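J.: Quick check, what structure comes out for this input:
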Amino acid sequence: MVFNKKGFSIAEMTVGLAIGGLVALSIADVLSYIAIYNRRIQMTSESRIATTLGERFLWLHFKNADPSYNVLKGPNFTDNSGQDFYTLVPDGNSQMFTTTQLSRTVTLQPGGKTKFGAIIINTADHDVQRKYSPTFFADPAKFYNISPGQQTSIGQGPSVDWTLFKNYINQQNPNILSATNKYIEVYSPILVRDNNKMAPVPPNPVAYFLRYAGGTSFSTETFGGAVGYTNAVNPALSTLSFDTFLKSIPSAGGGIPPIAARSVKMIQYEIVQHSQLVNNQVVYDLQYETWDGTAFSNPVLVAIGISSVTLSRPDVTDPLITATITEDTKAYQ
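T.: The predicted structure is shown next:
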């Protein structure tokens, strides 16, 4: 046998090298598997964090969706069963409804419904330090130049003085009219139904939306036809102007109804295809856009790699909305 200087044979060295190679390959495989596994864990963790943050985004928006209730109706705002998602019966109780009537669920997913909107309170106009709120009580009498004894009923007397209206809003919160294409809702929280109907029929909205166009210019806002204006007591009558709205607000139990104003905006969530493949897979993102007076614009990315978004209202007598994002697992394998 041939030995080296340390006493090992060539055969022993060959076997040793072979075993060493196998061990090295095994270690390399293990390290490679650990790296892949850690990467998957990292991606899964990042996905769950992103999903949680996305749900937080949805919650922040839809918890401020009060201006949408009983205002946004029709095919663009129905749930999975065709019911109006924003139906609210605040003076009702759960026993008034069947199981299917009681709750609302909207599912957004590729190949199905991909868009859903809401009118929300514009909390960006909130200023704690200077004690400015996006919502405040309003005194409609201060929107008019009224002479003593002058009639102010519909078709008589002065119309809204937009300079006075703007000055009033600025006194309450100058942030609201800090730019053009900002929106104000003037509304009353009283419950009004046509023809003396009772719950479970939902009340009619007593609300009017205005878009600020700069200076003392305001216009009626319908958010692309999403909002219509009719008399709350008699919906067969159209409300043709802000002035008509103010002069026809129903009384509250025979007294003067409370009136409030708030800064609002309309947003639309949408599921869109991601611009690139993820792990060689087509995936979808969730984004939202804001109404700019003519269309939804300025998309903001909320979550990447999702399979669906579910908005739920467990009870139509409660405005609570929950949001769940289901991630697309194939994008994180």
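
J.: Next, count neighbours for Thr222.
T.: Here the number of neighbours of Thr222 (other Cβ atoms under 10 Å) works out to 12. The C-beta positions use only the backbone N, C-alpha and C, and glycine is treated the same way.

J.: tell me the contacts of it?
T.: By Cβ atoms under 8 Å, 6 or more residues apart in numbering, the contact list for Thr222 reads Phe209, Gly228, Tyr229.

J.: Most neighbours among those, which one?
T.: Phe209 (23 neighbours).

J.: so what's that residue bridging to?
T.: Glu185 (DSSP bridges).

J.: Report the separation between it and Ala138.
T.: 14 Å (Cβ to Cβ, to the nearest Å).

J.: What strand or helix carries Asp91?
T.: Assignment of secondary structure by DSSP states H and E places Asp91 within no helix or strand.

J.: Please report how far it lies from Lys142.
T.: 31 Å.

J.: do the same with Ser297
T.: 34 Å.

J.: quick one, which of the two is more surrounded?
T.: Lys142 (13 against 10).

J.: Isn't that one up against Asp161?
T.: No - using Cβ atoms under 8 Å, Lys142 is not in contact with Asp161; the gap is 9.2 Å.

J.: any weak-confidence spans in the stretch 51-200 of the chain?
T.: Counting by pLDDT under 70, the stretch 51-200 of the chain contains low-confidence residues at 147-156.

J.: how about 50 then?
T.: Of all residues in the stretch 51-200 of the chain, none has pLDDT under 50.

J.: quick one: the helices in it?
T.: Along the stretch 51-200 of the chain, the segments classed as helices by DSSP state H, counting those that start in this stretch run 99-102, 162-172.

J.: would a markdown table of these with distance to Asp328 and mean neighbour count be doable?
T.: Output for the helices of the stretch 51-200 of the chain, formatted as a markdown table (distance: least, Cβ to Cβ, whole Å; neighbours: other Cβ atoms under 10 Å):
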| stretch | distance to Asp328 | mean neighbour count |
| --- | --- | --- |
| helix 99-102 | 30 | 11 |
| helix 162-172 | 45 | 16 |
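
J.: Relative to Tyr86, which of those is closest?
T.: Across the helices of the stretch 51-200 of the chain, the minimum distance to Tyr86, taken as Cβ to Cβ, is reached by helix 99-102, at 14.5 Å.

J.: I'd like the distance from the closest one to the chain centre, please.
T.: With Cα atoms, centre = their mean, to the nearest Å as the basis, the distance from the averaged C-alpha position of helix 99-102 to the chain average is 23 Å.

J.: Identify all contacting residues around it.
T.: Ser81, Gln83, Ser94, Pro200, Pro314, Asp315, Val316.

J.: what's the burial count for the nearest residue to the fourth one once chain neighbours are set aside?
T.: In space, not counting the residues next to it along the chain, Pro200 is nearest to Met96; the distance is 4.1 Å by Cβ to Cβ, 6 or more residues apart in numbering. Using other Cβ under 10 Å as the criterion, Met96 is surrounded by 15 other residues.

J.: does Met96 really touch Met198, like I thought?
T.: No - Met96 lies out of contact with Met198 (Cβ under 8 Å); the separation is 9.8 Å.

J.: Please enumerate the strands of the protein.
T.: Here the chain has its strands, by DSSP state E, at 104-108, 115-121, 135-137, 182-187, 207-212, 218-220, 260-273, 284-291, 296-304, 306-313, 322-327.

J.: possible to save the ones you listed as a markdown table with distance to Gly254?
T.: Compiled in a markdown table, the strands of the chain are given as follows (distance: least, Cβ to Cβ, whole Å):
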| stretch | distance to Gly254 |
| --- | --- |
| strand 104-108 | 34 |
| strand 115-121 | 30 |
| strand 135-137 | 20 |
| strand 182-187 | 20 |
| strand 207-212 | 22 |
| strand 218-220 | 29 |
| strand 260-273 | 20 |
| strand 284-291 | 38 |
| strand 296-304 | 42 |
| strand 306-313 | 33 |
| strand 322-327 | 39 |
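
J.: Out of these, the one nearest Thr239 is which?
T.: Of all those, strand 207-212 comes closest under Cβ to Cβ, at 7.4 Å.
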